[in-house]
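Engineer: Turn this into a model:
(2 chains)
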Amino acid sequence: MIDSNELLNKYFDGEISNDELKELNLYLSNSPEQEIEFRKIKEAISLFSNYKYENTSGDFTNKMMTKIIIPNKKTVDKFYFALISIIVLLIITVVIFYYNATNSVNINEISAFDNMVKGYNNISKFIQHKNILTVLSFLPISILLFIYFMQSNYKKFKKNVESYSLH
Amino acid sequence: MIKKKEDIEIIESILKGNSEDYRLLVDRYKDRAFSMLNRMLKNEFEAEEVLQDSFLKAYNGLKSFKKEAKFSTWFYKIVYNTCVSVLNSKTKRNEKDFISIDESFEIGIIDHQFDFESIDKSQIIYKYLDLLPIRSSLVLILFYIDGLKINEISDVLNLSVSNVKIILHRARNELKEIMIKNNFAKEPA
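Structural biologist: Predicted coordinates:
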């Protein structure tokens, strides 16, 4: 036989079976005090029929939608802007490097510019034309690898943000 | 008559790129979640801030939402966790406050009575719920108003099913006691 309290809790939790309901009815009909308690709990629960949700401010949804749609677009734009900028910078660096390596500089002409690029030219001289071509042939592969690396990291970052937001 | 879109249909539409459809979910759940937050934070301004934060988190996490789950349960969990984080950080900031989040959920001023005659009877349930410990009133609202099952409540509040049952049983009895103390109960026929 199940404890009367357990029967009452099962009833109010909506988990009571037909047999248990019969048992509860029998118990309540034999115990007027418990029946009063039972009715009072029912009455307390019935107060929820007056419950209404509290309202948010009138423009809440609009404010929310502005926050959701615009910032996300900006984040994506920023990422691609940074990616393209890095690629362009890489290409410019390689072109300058190639230009310096292939164009001979007159060492007799002394100018401020020469002083500035002196160190750079020394490196250029060190790297022969053939070597530059080899470096350039690897460049597209390096760029592709770089893009892949950036994209996979971005996906990982987004995933982390999503999982963080759930906890 | 226009058929009301199911939550899952709205989510699928958002994931296809129709971000504007998120408006439907915001409209559907904002007041329910706001009531829950207001009950926990006791401050409308803060409750709205946390609600915005929760909706943002839910939007960003929609891709990871499992379609077999209920959006309401998943969303309430986000709302609850966000609110608990805010309460935790507030407790840490306030050195004078020695009460932990769990303790504050358990403390209720059940002995307190109020002037029953001066209160609109339709408002009585809010007054009674204010006298209950926060967690008890949350469990009652999630069960009786939002229609969540006990296992769903346990998921939202990060509690075991048996703990939710204990809180629910105790909360019902406490509500009855408050009602009797404030002479609201009808005399038995």
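Engineer: In the chain, where is pLDDT below threshold?
Structural biologist: All of this is about chain A. By pLDDT under 70, the low-scoring segments of chain A are A:1-2, A:70-78, A:100-138, A:159-167.
Engineer: Actually, chain B is the one I wanted.
Structural biologist: B:1-3, B:93-122, B:183-189.
Engineer: need the contact list for the spatially most central residue of it.
Structural biologist: By C-alpha atoms, centre = their mean, chain B has its centre lying nearest to B:M36, at 3.2 Å. Contacts of B:M36 were listed using C-beta atoms under 8 Å, 6 or more residues apart in numbering or on different chains, and they are B:76, B:79-80, B:83, B:138, B:141-142. The way it works is simple: take the backbone N, C-alpha and C, and place the C-beta from them, glycine included.
Engineer: What of B:L41?
Structural biologist: B:47, B:50, B:83, B:86-87.
Engineer: List phi and psi for it.
Structural biologist: Main-chain dihedrals, B:L41, degrees, to the nearest 10: phi -90, psi -20.
Engineer: next one: A:E15
Structural biologist: phi -120, psi 20.
Engineer: Same check on B:K67?
Structural biologist: Residue torsions, per degrees, to the nearest 10, at B:K67 are phi -70, psi -20.
Engineer: related to what we said a few turns ago, among the contacts of B:M36, which one lies nearest to A:S57?
Structural biologist: B:V79 (17.1 Å; C-beta to C-beta).
Engineer: name the element that closest one belongs to?
Structural biologist: Assigned by DSSP states H and E, B:V79 belongs to helix B:71-93.
Engineer: That helix - contacts with which helices or strands?
Structural biologist: Packing partners of helix B:71-93 (3 or more C-beta pairs under 8 Å, 6 or more residues apart in numbering or on different chains; DSSP states H and E): helix A:129-166, helix B:7-15, helix B:22-41, helix B:44-60, helix B:101-106, helix B:150-156.
Engineer: any chance of the ones you listed in JSON lines, plus distance to A:F12?
Structural biologist: Shown next, in JSON lines, are the helices and strands packed on helix B:71-93 (distance: least, C-beta to C-beta, whole Å):
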{"stretch": "helix A:129-166", "distance to A:F12": "32"}
{"stretch": "helix B:7-15", "distance to A:F12": "28"}
{"stretch": "helix B:22-41", "distance to A:F12": "21"}
{"stretch": "helix B:44-60", "distance to A:F12": "29"}
{"stretch": "helix B:101-106", "distance to A:F12": "21"}
{"stretch": "helix B:150-156", "distance to A:F12": "11"}
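Engineer: how about those helices, which one is nearest A:K67?
Structural biologist: That would be, of the helices and strands packed on helix B:71-93 and by C-beta to C-beta, helix B:44-60, which comes in at 6.4 Å.
Engineer: and the angle from the closest one to helix B:71-93?
Structural biologist: 130 degrees (axes from the mean of the first three to the mean of the last three C-alpha atoms, to 10 degrees).
Engineer: any idea how far A:Y27 is from A:E35?
Structural biologist: 9 Å (C-beta to C-beta, to the nearest Å).
Engineer: Please read the previous query as pertaining to A:I84.
Structural biologist: Per C-beta to C-beta, A:I84 is found 76 Å from A:Y27.
Engineer: if you count what's nearby, which of these two comes out ahead?
Structural biologist: Ranked by neighbour count (other C-beta atoms under 10 Å in any protein chain shown), A:I84 and A:Y27 place A:Y27 first, with 17 against 10.
Engineer: Can you say which helix or strand has the more buried one in it?
Structural biologist: Going by DSSP H and E, A:Y27 is part of helix A:18-30.
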